[in-house]
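In: Fold the stuff below for me.
(2 chains)
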Amino acid sequence: MDRRDFVKLGAAISGTLVAARAAGQALPSQARPLPAKPGPFPGGQVRVVTPNGATLPMKEKDGLKIGHLVAMPVDHTFAPGLEGACWGYNGRVHGPTIEVVEGDRARFYVTNRLPEPTTVHWHGIILPNGMDGVAGLTQRPIMPRETHMYEFTFDKPGTFMYHPHFDEMTQMALGMVGMIVVHPKKPKGPRVDRDFALITHEWAIRAGMRRPDPNEMKDFNVLTFNAKAFPGTEPLVVGKGERVRIRLGNLSAMDHHPIHLHGLSFEVVGTDGGDIPVSARVPETTVLVPTGSVRVIEFVPTESGDWAMHCHMTHHIMNQMGHGMGVIVGANAAKIDARVQQLVPGYMTMGHTGMGDMAEMKMPAPKNSIPMVGGKGPFSSIDMGGMFTILKVRDNPESEDGSGWYSHPKGSVADKADAAMMQADGVDPDVKF
Amino acid sequence: MNLSRKAQYILPLAVALVTGCSSSTVATDVRDVNAFLAAQGRNIGQRPGAGSAISMPTEDAWENDGAEAPRILAKPLTADDAVKLALVQNRELRASMYELGIARGQAVQAGLLPNPEIEISLRAPQDPFQRLQADIGFEYDLSALILVPLRKGVADAELEATRVRVARDVLETAFQARLAFYDVQARQAVLDLQKRAFDAFQAGYAAAEELHRVGNLPDADLAIHRAAVEASRIDVAEAENALLDARERFNVAAGLSGQQVTWTIAGPLPPPEDMPVDAVVTEKKAITASLELAEIGRRMEAAAKRVGLHRTQGVMPHVSGGFHGEQDGISWELGGHVTVGLPIFDRAQGRIISAKSELGALRERYVAAAIGVRSSARMTQNRIESAGKRARHYQQALLPAREKALAETLLQYNAMHVSVFQVLDVQRRVTETGIAYTETLLDYWKARASLDQILAGGARPRALGAVSTGHTSSAGMDVGSGAGH
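Out: The predicted model follows:
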């Protein structure tokens, strides 16, 4: 059986799975809600958009903003084909973004529907000690079926996060994190047109499992933006010439993430500690977001297109691939397959010419897993996954829902070189070194 | 001695006179044994319900009908073929038939009447005037004559016991042939599986060699894979030798030699039967059918008769009688005499003690054998149930689980969570489980044959052997956690 036949066989065997995946796949070509319009925040600041996420609804009563977080088990889809038995807030993983304005006094009820106690720590917020949410140190834990109340004033604008501080290893590993955006009463600097909040996170979910492993210390195989792995990540649609802010928070267990944007440079304008002085800002294309930290970047894209945005740790842009198969690159697959297939007919050596085409092979995979799954691109398969999304810069972003691909001007796409032109330019493809 | 008792002795005596000169042939013994087994309803060496009973071929068939064995050997053998072959060809079994002939000869001999003795003497007187003188005497051992029926009774009982023992030999021969054949089937299956395991090690080594060639595997790992191949090669060699040994055991059991030893088998051991066994019924049947008990019973009967014989001998004076004629040259003088030995000192006390002790010993052995038969029946039944359950568990649960583990591990390989070596390792676990299943299946069929043997009245199996535990390590979780970036 050659590779082509094998692929056919594999496709036939996994037909149901593939079909199911295809049916549930939220590819960029599918319709999405249009980007949010600017919201009613002071200074005309736009409402924060949390791709693949939501904002916590808050009631206002007597000048007090009231929110309710329910810590609970949640069935979550990381990407089509990978379901997780997670914990989150209000039925979501991650929890909804809390969006308030500097000076707001807020009251948060936190109900615990977990099988163990919890707390909420308001990461980066300066508040009374007894509201800091550290079990044992500043409060007693919220026991299962209890509801606790936190109340404090958001005195400082910026970007923050929330997460438990009881058994944080388990609870955060299972997804219990969220972003907090505190808008300034009086915005400084240029007005932004788009404001996104993204949490980077890492999970250990062995192929075929549903429960992320909280005990894992180094081998994380599902890497996410807002708890979604590509192709499940929602693209960020912005306008050419618009000022865009992206708030990046990292509550991964062990890893920092160097987030790299294509097609533009940006400045890091803030952390969860506050704004970075203008004089200290430098142009970057990659921002390192350490664990437990926030980095806020701003930029104005000048080039339209579909631009990759991803963690630059190469293993973080692969979906659920393990490292147990050893190094196969360079091997002659025929020498291995001939013997092994006699014993295990479904076996096929792979990775011997590299791993880039594996997403196309449609190998039968363990149930509830997304190894070697990339996304569909306008030219071919995008063989990346995990902490990867697309920044869609459009001339008219209001008419785009993010499902369409950029239409390139003629002659602006790299393609196969013309042989005559190569010869005229003195380029010999068979040159020896 | 009244008339009827006289008749009791006279009738066998007359029969003995008539049959005493007839020869005892093996053919007669074979017919006797077959008739005995048929009368007892034994199905020699065949599984219940497997068809008509197999019987010993006649002596003529042994020597003249040489077509039976080639006909059986022309096709791949089944277990029932194995039994037929053994009954046709097993030389030890034929020897047993001759031993039956020995016993029969002794019985015939015991029934023969004592020969009369005639004494003739001539005397030449030194006196020239006297003629040659002649004496003639006739002597007959009356005691021996009287004791013939008793001796014959003892010998007949011994003959009957020997006949039962030979019947047991027939069953034992069939049983041993069946066991030997089952072992061949098992050893063949194990060899095939060991070869498959060897193929897996070789595949692993081929993969390791290739990965090592392109710089993806260190020398140490390559050496480990090479060592695994070489170790597996020894396993295969041992399995081959085990198969050859098993074949030779069967050759002996079936009496095969020369070109006959190139036989093949029709297939592997079949899966266990779903045939529940009733413990109480089994025990009762085993006791009722036991030829071992029957033989001891016959020997007890012989011993009891021997006690009677010796007692009679002890109290009965030795009597012989005759007549005498003397020719003194002129006339004959005729007269008779009776010699009576007085049982004063030797009243056969020693032989009586020995015979009574022999009877007592046999009585105890009878009880011991009965205990043994019951225990063997229970043990065999337990083994059938246990081995059957385990074999079915292998077949219906563990092997499918191993296959499932292999399929899932292959998926994990596709997900790059495990290596080709781990895939092959899990595949070898399937093979190992197959070997363990085969050994358990062999346990089951040995026990099954043993029970059939017991219920047919054959000898108790000396031992069922240790319970096969196989290589069913619950490991298999070592496919690597594999997750991670």
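
In: can you count the residues close to residue 330?
Out: Let's take chain A. A:G330: 15 surrounding residues under other Cβ atoms under 10 Å in any protein chain shown. No exception for glycine: its C-beta is placed from N, CA and C like everyone else's.

In: I was after chain B.
Out: As a burial measure, B:I330 scores 9 neighbours (other Cβ under 10 Å).

In: For the closest residue to it other than its chain neighbours, give me its contacts.
Out: Distances taken as Cβ to Cβ, 6 or more residues apart in numbering or on different chains put B:R131 closest to B:I330, at 7.7 Å, once the chain neighbours are dropped. Neighbour list for B:R131: B:P125, B:G329, B:I330 [criterion: Cβ atoms under 8 Å, 6 or more residues apart in numbering or on different chains].

In: And A:R339, by the same measure?
Out: By Cβ under 8 Å, 6+ apart, A:R339 lies in contact with B:D199, B:Q202, B:A203, B:A206, B:A207.

In: Let me know the closest of the residues you listed to chain A.
Out: Among those, B:A203 lies closest to chain A (Cβ to the nearest Cβ), at 3.6 Å.

In: Would you mind measuring from B:N382 to B:L269?
Out: Distance from B:N382 to B:L269, counting by Cβ to Cβ, to the nearest Å: 20 Å.

In: before we move on, what about A:N52?
Out: Distance, A:N52 to B:L269, using Cβ to Cβ: 59 Å.

In: just B:L171 next, same as before
Out: Taken as Cβ to Cβ, the span from B:L171 to B:L269 is 22 Å.

In: cool, and A:G91?
Out: A:G91 sits 58 Å away from B:L269, going by Cβ to Cβ.

In: The two: who's more crowded?
Out: Per other Cβ under 10 Å, whichever of A:G91 and B:L269 has more neighbours is B:L269, with 23 against 14.

In: Do me a favour and get the end-to-end distance for stretch A:401-420?
Out: End-to-end distance of stretch A:401-420 (Cα to Cα, to the nearest Å): 42 Å.

In: which SSE is the residue in chain A positioned nearest to chain B in?
Out: Proximity of chain A to chain B (Cβ to the nearest Cβ) peaks at A:D219, 2.1 Å away. Assessed by DSSP states H and E, A:D219 sits outside every helix and strand.

In: how many neighbours does it have?
Out: By other Cβ under 10 Å, 19 other residues sit near A:D219.

In: Verify the contact between it and A:H323 for me.
Out: Yes: using Cβ atoms under 8 Å, A:D219 and A:H323 qualify as a contacting pair, with a distance of 7.3 Å.

In: check contacts around B:G465.
Out: B:D443, B:K446.

In: Next one, pLDDT for it please.
Out: B:G465 is assigned a predicted lDDT (pLDDT) of 72.

In: Make sure it is indeed in a strand.
Out: No: counting by DSSP: H, G, I helix; E, B strand; the rest coil, B:G465 is not part of a strand but coil.

In: Look up how far B:R374 lies from it.
Out: On the measure of Cβ to Cβ, B:G465 and B:R374 end up 20 Å apart.

In: Also B:S121?
Out: To B:R374, B:S121 is 67 Å away according to Cβ to Cβ.

In: More neighbours: these two, which one.
Out: Taking other Cβ under 10 Å, B:S121 and B:R374 do not tie; B:R374 has more neighbours (17 against 10).

In: Would you agree that one is in contact with B:T288?
Out: No: using Cβ under 8 Å, B:R374 makes no contact with B:T288, being 11.6 Å away.

In: can you list the residues of the stretch 151-300 of chain A near chain B?
Out: Neighbours of chain B within the stretch 151-300 of chain A, by Cβ under 8 Å from any Cβ of the partner chain: A:A204, A:I205, A:R206, A:A207, A:G208, A:D213, A:E216, A:K218, A:D219, A:F220, A:N221, A:L223.

In: Just send the contacts of A:R339 back as TSV, with distance to chain A, neighbour count and secondary structure too.
Out: Rendered in TSV, the data for those read as follows (distance: Cβ to the nearest Cβ, whole Å; neighbours: other Cβ atoms under 10 Å in any protein chain shown; DSSP: H, G, I helix; E, B strand; the rest coil):
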residue	distance to chain A	neighbour count	secondary structure
B:D199	6	20	helix
B:Q202	6	19	helix
B:A203	4	27	helix
B:A206	5	19	helix
B:A207	4	27	helix
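
In: out of these, who's nearest A:H183?
Out: Among the contacts of A:R339, B:A207 lies closest to A:H183 (Cβ to Cβ), at 59.4 Å.

In: In this structure that closest one contacts A:Q341, no?
Out: No: the pair B:A207 / A:Q341 is not scored as a contact, 11.6 Å apart, by Cβ under 8 Å.

In: From A:K367, how far off is B:G105?
Out: Distance of B:G105 to A:K367, given as Cβ to Cβ: 80 Å.

In: and what of A:V431?
Out: A:V431 sits 48 Å away from A:K367, going by Cβ to Cβ.

In: next one: A:E99
Out: As judged by Cβ to Cβ, A:E99 and A:K367 stand 38 Å apart.

In: before we move on, what about B:P271?
Out: Per Cβ to Cβ, B:P271 is found 31 Å from A:K367.

In: Likewise for A:L223?
Out: Between A:L223 and A:K367 the computed distance is 21 Å (Cβ to Cβ).

In: Same question for A:R47.
Out: 39 Å.

In: And the two? Which one has more around it.
Out: The residue with more neighbours, out of A:R47 and A:K367, is A:R47; 17 against 13, by other Cβ under 10 Å.

In: Tell me the confidence at the more buried one?
Out: In this model, A:R47 is scored at 92, pLDDT.
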